[in-house]
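**Q** I would like to see how this sequence folds:
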Amino acid sequence: MLYIRADMNNRVATGHMMRCLSIADAASSLGEEVTFLLADNQALGLIKERGYQSLVLRTPWDDMEAELNVLRKLIWEHKIGRILVDSYQVTPFYLGELKKYTEVFYIDDLDAFHYPADAIICYANYWERFRHKEKYQNTKLYLGMEYIPLREAFSDCGRKEIKPSAEHLLLLSGGSDPYGILDGILGKIHRERYRRISVICGIYYSNYKQLCEKYKKDDNVRIYQDVPDVARFMQEADMAVSAGGTTLYELCAIGTPAISYAFAENQLGNVEKFDEDGLISYAGDLRKDPVAERIAAFLEYYGQNREVRQERSLRMQELVDGKGALRIAEALMERLE
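**A** Numbers count the residues shown, from 1 in each chain. Below you'll find the model as predicted:
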């Protein structure tokens, strides 16, 4: 049995839970049962829908040290031999205490402090700057983009067809859109130039009905919320705009040319590295930059430049093969045999 400790709510990035679900799917495909450990009930529906069990700790999601006594009892009662932890709320004390009772794998993309874990997974495209190999001499390390935990839909995608001009635009904001960038982009771009504009709002997007009402007269603008098969939209799109995070790796696996932006500290390393490598152009930080205007300018340039989109698409797919979740699942099972 694989146990995964993660949370999801309107303040925690949904990417944590989604990548853990991808790992759970991969582990399940290998015959391993999976149970999620949650602070509260907010992710129960999603996890049940995906076919997994959950144990709710009934503790504050943002104070993980407070759950240690409850978690210790569960480890004893359920004979938990391994836990995969994915949360920015962990502390050195929390991981150190947890490690006394079970084997701990931790997913890291911040290098916030020295993690007292048995194994560390860091797939971020900027992983080398953390120098994990120097810092963790006695810790099992799984480093690099071969460990990006994507759903099975993002593996073996085949080469992306790049059209002479971008006719289908995909706009993504992640679980929420605290700065209203979806509306901002729609207001700045030349909407009439696209045959179709697909706008996907996240599960915690609060202005979905207002956005639909505002653009209801635009026949080519289609607005959706909490879409389960986002891979299909990425495959159909000629270009995409997305916040930093796992979504950018998904776009790489499919080969859809993209433009990125950020609105949180943990997104900056990701978007800046993609931009530095000439793979995904970065339009700026919503907290301080005129991002919508920059996105509109990027779309004008890339939309008619097939050669650049083709070159970037090929390099994106070379970088991400979509099999990272399976590699992580295999590593989890192998370490504990």
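**Q** Run a quick neighbour tally on the nearest residue to residue 61 once chain neighbours are set aside.
**A** Closest residue to residue 61 apart from its sequence neighbours, by Cβ to Cβ, 6 or more residues apart in numbering: residue 39 at 3.8 Å. (Glycine included, C-beta is placed from N, CA and C.) Counted with other Cβ atoms under 10 Å, residues neighbouring residue 39 total 26.
**Q** From residue 270, how far off is the closest residue in space to residue 266 that isn't next to it in sequence?
**A** In this structure, residue 266 finds its nearest non-sequential neighbour in residue 110, 6.1 Å apart by Cβ to Cβ, 6+ apart. Distance of residue 110 to residue 270, given as Cβ to Cβ, to the nearest Å: 11 Å.
**Q** what about the strands in the stretch 101-250 of the chain?
**A** With DSSP state E, counting those that start in this stretch as the criterion, the stretch 101-250 of the chain has strands at 103-107, 119-122, 140-143, 168-172, 196-201, 221-225, 239-243.
**Q** Need the winner for burial among those strands.
**A** Per-stretch averages of neighbours, counted by mean count of other Cβ atoms under 10 Å, single out strand 239-243 among the strands of the stretch 101-250 of the chain, with a mean of 25.
**Q** export the strands of the stretch 101-250 of the chain to TSV and tack on distance to residue 58?
**A** Output for those, formatted as TSV (distance: least, Cβ to Cβ, whole Å):
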stretch	distance to residue 58
strand 103-107	22
strand 119-122	28
strand 140-143	32
strand 168-172	33
strand 196-201	30
strand 221-225	29
strand 239-243	31
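**Q** can you redo these as JSON lines with mean pLDDT and distance to residue 183?
**A** Shown next, in JSON lines, are the strands of the stretch 101-250 of the chain (pLDDT from 0 to 100; distance: least, Cβ to Cβ, whole Å):
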{"stretch": "strand 103-107", "mean pLDDT": "97", "distance to residue 183": "32"}
{"stretch": "strand 119-122", "mean pLDDT": "98", "distance to residue 183": "35"}
{"stretch": "strand 140-143", "mean pLDDT": "97", "distance to residue 183": "39"}
{"stretch": "strand 168-172", "mean pLDDT": "98", "distance to residue 183": "10"}
{"stretch": "strand 196-201", "mean pLDDT": "97", "distance to residue 183": "9"}
{"stretch": "strand 221-225", "mean pLDDT": "97", "distance to residue 183": "10"}
{"stretch": "strand 239-243", "mean pLDDT": "97", "distance to residue 183": "13"}
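**Q** between the ones you listed, which one is nearest to residue 84?
**A** With Cβ to Cβ as the measure, strand 103-107 is the member of the strands of the stretch 101-250 of the chain nearest residue 84 (4.6 Å).
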